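**Student:** Would you be able to build a 3D model of this:
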Amino acid sequence: MMKAAFTAGAMTLLAPLGLAGQTTAEDLEGAWRVTEVVTTGPGARTMSSPQPGLLLFTGRYYSYTLVTGEEPRPVPPRGLATAEQLLRAWNPFSANAGTFEVSGNVMTRRPMVSKSPDAMTPRAFNEYTFRMSADTLWVTTAATEDGPARNPTTIRFVRAR
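**Tutor:** Numbering: from 1, shown residues only. Modelled structure (predicted):
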């Protein structure tokens with residue numbers, strides 16, 4: 001009897017973790033801010049104090065904006081800016097939004113709107129592996145419509161408060 005009560009109590013406590021600790025789309029719900037970026041391959045590096053980035057999940061939709069450079073972006077002059085000035089300000093910036101789905105530890109995002117027009121084609125997708133621990137989320141590039149990621153990047157996010 002005591003063993004049955006213990007088992008029932010343990011299951012009640014562990015139920016919010018899902019089957020075998022699987023993460024669901026609902027677990028991702030909310031706002032996540034970038035805290036570290038690890039790039040592999042040629043020029044591999046770790047940015048432990050990255051520029052701002054935000055990843056949002058709600059329902060089956062996501063949105064992210066991310067400054068991809070190591071330094072703050074320069075502010076272009078008011079009025080007529082040169083192509084080079086605009087490139088320095090806008091190139092180290094990534095943004096898109098669309099739908100997402102989760103299967104096990106794989107997340108597939110399908111952009112509907114993006115800074116990059118080629119990311120908005122009907123066949124475009126981005127696939128990631130991910131894991132969560134408490135309020136920390138690690139997302140690693142896995143593939144796009146063009147095939148497997150050659151130099152995967154892992155971004156660590158923490159839940160925004």
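**Student:** Need the pLDDT of Thr12.
**Tutor:** At Thr12, the pLDDT value in this model is 34.
**Student:** could you point out which element follows the lowest-mean-pLDDT helix or strand in the chain?
**Tutor:** In the chain, no helix or strand scores lower on mean pLDDT, DSSP states H and E than helix 2-14, which sits at a mean of 37. Note on helix 2-14: by DSSP states H and E, the next helix or strand toward the C-terminus is helix 25-28.
**Student:** Which strands or helices does that next one pack on?
**Tutor:** strand 93-103 (3 or more Cβ pairs under 8 Å, 6 or more residues apart in numbering; DSSP states H and E). For the C-beta atoms, the positions are set from N, CA and C on the backbone; glycine is no exception.
**Student:** who's in contact with Thr58?
**Tutor:** 29-30 (Cβ atoms under 8 Å, 6 or more residues apart in numbering).
**Student:** Backbone dihedrals for it, both of them.
**Tutor:** phi -150, psi 130 (degrees, to the nearest 10).
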